[in-house]
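S.K.: here are the coordinates; sequence isn't available:
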C-alpha cells in the first residue's frame, strides 16, 4: 500500500484548501448568524458559495465509479473529505454532505433511469436535499432486521406505514425525497424481508412529529426529525432494486457513508489540535505559558500520535474498498467506525480542557464538534455492533486457520 498522494490529489488538496481559506472559514460566523436568525431556512451564504465551488471544479467529489462525480477513488477522496470536515458548513458547499452523499450513491448504483432523472439529477446539482428513513424509536435499530415499518403492495402502488426517527435533513425545506426502509415480506428469510423505496416528502400521510436535539444542539436547518408515515401511497415504480433487496442496499450504502464520516472526523480532530496549540500558547498560568506545562505537551503529543494512527487505518480502509470491494473491507470499515470517533472525542476533550470555560460554550467550535462526534459513535451503528463484527472476523481468521491445520483423528 502506497499512501503517497498523487499529483492529481495534491492539486485538488491545494484547491480545496484555497477555497476553504478564501470562502468557507471567513463565512463561518455569517453562516451561524443566518441560522440563528431563521433556524429552519437554508443559510444564504451556503447557497451563494455552491455555484463558486461548482465553477471551481470542486463539486460532487465524493462519487466514485460514476460519470456524474469527479472520478476519484475512495483513497483519493479521503484527504479532500478530511479538509472539508474541518468546518461544519463545508461539506454542503461542495455538495458532499450526508445524507445526500449516501442517497446519491444509492440512486447511482441501484436507481432506474427514471428514478435517476427525477431525483439523482437535482441532488447532483445541489437543487434539492434528501433524507434517509431507517431508524425506528420502537425497536433496536442497530439490528436492521428489527425494522417494523411496512411496505404493502396495493395494485400499482405501495402503502407505507411506520414511525421513523433520526431522519437527518427532513426538517430542511429543501428536503424533497426520502429513502424509506420497511418490510415487504415479514415472513420471508431474515435478510430478505426488507425493501427500500423512494418516498417524496410532499406525499399525503407524512408528518414531521418533532425535531430532535443532539446534546442540546438542533443542527438547524438540517436537523434530525421524527417522522410518521400513515397510509402513504407511492407508485410501484418507486421501489429500489426490487422487493427484498433493502438489506443489500443498506450494506452497500453504509460502507462509503461510514468512511466519509471518519474522513471528516479526522479534519475535526486536526482543527481541534491546532486550536488547542494556539490557545495554550496564548495563555499564562503559574508564571509560564501553558505550552510549557508538561501535561499540555503530553496532550499535544498524544493527540498527534492518535490522529496519525487513525488516518493510516482510514487510508487502508479506503484502499481496500477500492481494490477488493466494500465486503472484503468490512473489517477495516468496522474498525475505523469505532476508532476514529473515539480519537476525535479524545482530542476534542483535551482541547476543551485547554480552553477551560471557553471550551464548553459557543465561543469555539469545540463543544458542538464534541456533541456531533459523540453521536457518530451511534449513527452508523454503535461501537458494540462493530466490535462484534470485528471479533467475529478475527475468530474466523484464527480458529478457522487452526482447525484447517489440525490433522484429522
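M.R.: Yes, it's here. This one's a predicted model, so the numbers in the text were calculated from it and none came from an experiment.

S.K.: any low-confidence regions in the chain?
M.R.: 65-66, 254-258, 401-409 (pLDDT under 70).

S.K.: not counting sequence-adjacent ones, nearest residue to the residue nearest the centre of it?
M.R.: Computing the C-alpha centroid of the chain and ranking residues by CA atoms, centre = their mean puts residue 261 first, at 4.1 Å. Take residue 261 and drop its neighbours on the chain: the residue closest to it by CB to CB, 6 or more residues apart in numbering is residue 376, 5.5 Å away. C-betas here are computed from N, CA, C, even on glycine.

S.K.: contact partners for that neighbour?
M.R.: Counting by CB atoms under 8 Å, 6 or more residues apart in numbering, residue 376 makes contact with 261, 265, 341.

S.K.: and of those residues, the nearest to residue 335?
M.R.: residue 341 (11.7 Å; CB to CB).

S.K.: how close does the closest one get to residue 375?
M.R.: 9 Å (CB to CB, to the nearest Å).

S.K.: more neighbours, those two?
M.R.: The neighbour comparison of residue 341 against residue 375 (other CB atoms under 10 Å) goes to residue 341, with 26 against 17.

S.K.: rewinding a little: chain center to the one helix or strand the residue nearest to the centre of the chain maps to: distance?
M.R.: Assigned by DSSP states H and E, residue 261 falls within helix 246-282. Its chain's average C-alpha position is 8 Å from that of helix 246-282, according to CA atoms, centre = their mean, to the nearest Å.

S.K.: in it, what counts as buried?
M.R.: 246-250, 252-273, 275-277, 279-280 (16 or more other CB atoms under 10 Å).

S.K.: again with stretch 118-132
M.R.: For stretch 118-132, by 16+ other CB under 10 Å, it's 118-120, 122-124, 126, 128-132.

S.K.: just the closest of these to residue 144, please.
M.R.: When the buried residues of stretch 118-132 are compared against residue 144 (criterion: CB to CB), the nearest one is residue 132, at 12.2 Å.

S.K.: that closest one pairs with what?
M.R.: residue 179 (DSSP bridges).

S.K.: tell me the angle whichever strand or helix holds residue 344 makes with helix 246-282.
M.R.: Using DSSP H and E, residue 344 falls within helix 330-355. Angle of helix 330-355 versus helix 246-282, following axes from the mean of the first three to the mean of the last three CA atoms, to 10 degrees, is 30 degrees.

S.K.: from the contact counts, what lies against helix 330-355?
M.R.: helix 246-282, helix 294-323, helix 366-379, helix 383-405 (3 or more CB pairs under 8 Å, 6 or more residues apart in numbering; DSSP states H and E).

S.K.: to residue 204, which of those lies closest?
M.R.: Residue 204 lies closest, by CB to CB, to one member of those: helix 246-282, at 23.3 Å.

S.K.: so where do the helices sit in the stretch 51-200 of the chain?
M.R.: 74-84, 90-93, 100-110, 113-115, 121-124 (DSSP state H, counting those that start in this stretch).

S.K.: tell me which residues of the fourth one are tucked away?
M.R.: By that I understand helix 113-115. residue 115.

S.K.: contacts for it?
M.R.: 107, 198, 237-238, 240.

S.K.: ok, now which ones touch residue 20?
M.R.: 83-84, 86-87, 90.

S.K.: determine which two of these are furthest apart.
M.R.: Between any two of those (CB to CB), the greatest distance is 9.0 Å, for 83 and 87.

S.K.: check the offset of stretch 228-239 from the chain's centre.
M.R.: Using CA atoms, centre = their mean, the offset of stretch 228-239 from its chain centre is 26 Å.

S.K.: who's in contact with it?
M.R.: Here stretch 228-239 has contacts from 112, 114-115, 133, 149, 153-154, 156-164, 180, 195-200, 203-207, 209, using CB under 8 Å, 6+ apart.

S.K.: and the closest residue to residue 248 other than its chain neighbours, which of the three is it?
M.R.: Leaving aside its chain neighbours, residue 248 sits nearest to residue 241 (7.3 Å; criterion: CB to CB, 6+ apart). Three-state call for residue 241 (DSSP: H, G, I helix; E, B strand; the rest coil): coil.

S.K.: how many neighbours does residue 241 have?
M.R.: Residue 241: 18 neighbours (other CB under 10 Å).

S.K.: residue contacts, it?
M.R.: Counted by CB under 8 Å, 6+ apart, residue 241 has contacts 110, 196, 248-249.

S.K.: in a markdown table, list those along with distance to residue 33.
M.R.: Shown next, in a markdown table, are the contacts of residue 241 (distance: CB to CB, whole Å):
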| residue | distance to residue 33 |
| --- | --- |
| 110 | 40 |
| 196 | 38 |
| 248 | 44 |
| 249 | 39 |
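
S.K.: all strands of the stretch 51-200 of the chain, in order?
M.R.: Along the stretch 51-200 of the chain, the segments classed as strands by DSSP state E, counting those that start in this stretch run 129-133, 150-154, 157-168, 175-183, 194-200.

S.K.: could you give the angle of the last one to helix 100-110?
M.R.: Strand 194-200 and helix 100-110 are oriented at 110 degrees to each other (the same axes, to 10 degrees).

S.K.: could you do the fourth one as well?
M.R.: On the basis of the same axes, to 10 degrees, strand 175-183 is oriented at 60 degrees to helix 100-110.

S.K.: residues contacting strand 175-183, please?
M.R.: 103, 106, 119, 122-123, 128-134, 144, 147-151, 160, 162, 164, 167, 169-170, 193-202, 227, 229, 240, 246, 250.

S.K.: buried subset of these as a ChimeraX selection?
M.R.: To isolate the buried members of these in ChimeraX, using 16+ other CB under 10 Å:
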select :103,106,119,122,123,128,129,130,131,132,133,134,144,147,149,151,160,162,164,167,169,170,193,194,195,196,197,198,199,201,227,229,240,246,250
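
S.K.: show the end-to-end separation of stretch 235-250, please.
M.R.: 21 Å (CA to CA, to the nearest Å).

S.K.: can you check stretch 58-78 too?
M.R.: 14 Å.

S.K.: and for it, what are the contacting residues?
M.R.: 3, 5-6, 8-9, 12, 15-16, 19, 53, 57, 80-81, 94-96, 101, 104-105, 108, 120, 124, 126, 256, 259-260, 263, 314-315, 317-319, 321-322.

S.K.: repeat that with 7 Å
M.R.: 9, 15-16, 19, 53, 80, 94-96, 101, 104-105, 108, 124, 259-260, 263, 314-315, 318-319, 321-322 (CB atoms under 7 Å, 6 or more residues apart in numbering).
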